[in-house]
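S.K.: Give me the fold of what follows.
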Amino acid sequence: MSAVMSAVMSTPTGAAVRPGPESAAALLLRQLGEGLRQDLAAYDGLRQLLDQQFNAALQHDAARMSGLADDILTQVAALDVQRARRRELLVALLGSAIEPSVRALLQRLPASLAQPLAVQWRALEQALTSCKALNLRNCELITEQQALMQQLLGREEHVYAQR
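M.R.: Model prediction:
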């Protein structure tokens, strides 16, 4: 167990650590919680972008879809940066001997510290699952539209046709 986690776990539940400087573990946990809050907001933004992309696809608005694709890629890149930061924080909290994961951290924290992080983590997992489903929905719609356009243009590709 890392020295940082030992410091967190040795603090009695509910004890105030205000008078002195914030411990390294408390600072890392606070940063982790803030990162989870930011990710949740970013996934909400991504969900909105995916809904807009779906509507643009339904309206066959290619210009709007192109702009939304750029916005979606930017949002995903920002989420990836935050994921990398979360991994760094988890390594600092858990040490390098343990696979850095929020679940592993939650198992090692006292309940008073683990509970709020667990709530955020579950919300983030749900947001991720929702965005994946929306992305798949959009992909299926766009793929279907592409296939229909190919048929209309007489360029239908037959999967089982001899070549």
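
S.K.: which residue ranges form the helices in this protein?
M.R.: 3-10, 24-58, 62-94, 102-108, 111-152 (DSSP state H).

S.K.: where in the protein is pLDDT low?
M.R.: 1-21, 156-163 (pLDDT under 70).

S.K.: hmm, try it at 80
M.R.: For the chain, applying pLDDT under 80 flags the ranges 1-22, 154-163.

S.K.: quick revisit: arrange the helices of the chain in TSV, one row each, with mean neighbour count as further columns.
M.R.: Glycine gets a C-beta too; all of them are placed from N, C-alpha and C. What follows is the helices of the chain, written out as TSV (neighbours: other CB atoms under 10 Å):
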stretch	mean neighbour count
helix 3-10	15
helix 24-58	17
helix 62-94	15
helix 102-108	15
helix 111-152	14
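
S.K.: From what I see, residue 72 and residue 51 are in contact.
M.R.: No - the pair residue 72 / residue 51 is not scored as a contact, 11.1 Å apart, by CB atoms under 8 Å.

S.K.: Would you mind measuring from the residue nearest to residue 54 when sequence neighbours are not counted to residue 144?
M.R.: Nearest in space to residue 54, with sequence neighbours left out and distances taken as CB to CB, 6 or more residues apart in numbering, is residue 138 at 5.2 Å. Residue 138 is 11 Å from residue 144, where distance means CB to CB, to the nearest Å.

S.K.: got it, and residue 98?
M.R.: Taken as CB to CB, the span from residue 98 to residue 144 is 45 Å.

S.K.: try residue 135
M.R.: Residue 135 is 15 Å from residue 144, by CB to CB.

S.K.: Can you name the residues that contact residue 123?
M.R.: residue 40 (CB atoms under 8 Å, 6 or more residues apart in numbering).

S.K.: what's the closest non-adjacent residue to residue 120?
M.R.: residue 36 (4.1 Å).

S.K.: can you tell me how far that neighbour sits from residue 125?
M.R.: Residue 36 sits at a distance of 10 Å from residue 125 (criterion: CB to CB).

S.K.: One more: residue 104?
M.R.: Applying CB to CB, the value for residue 104 to residue 125 is 15 Å.

S.K.: now do residue 142
M.R.: Distance from residue 142 to residue 125, by CB to CB: 26 Å.

S.K.: do the same with residue 154
M.R.: Per CB to CB, residue 154 is found 46 Å from residue 125.
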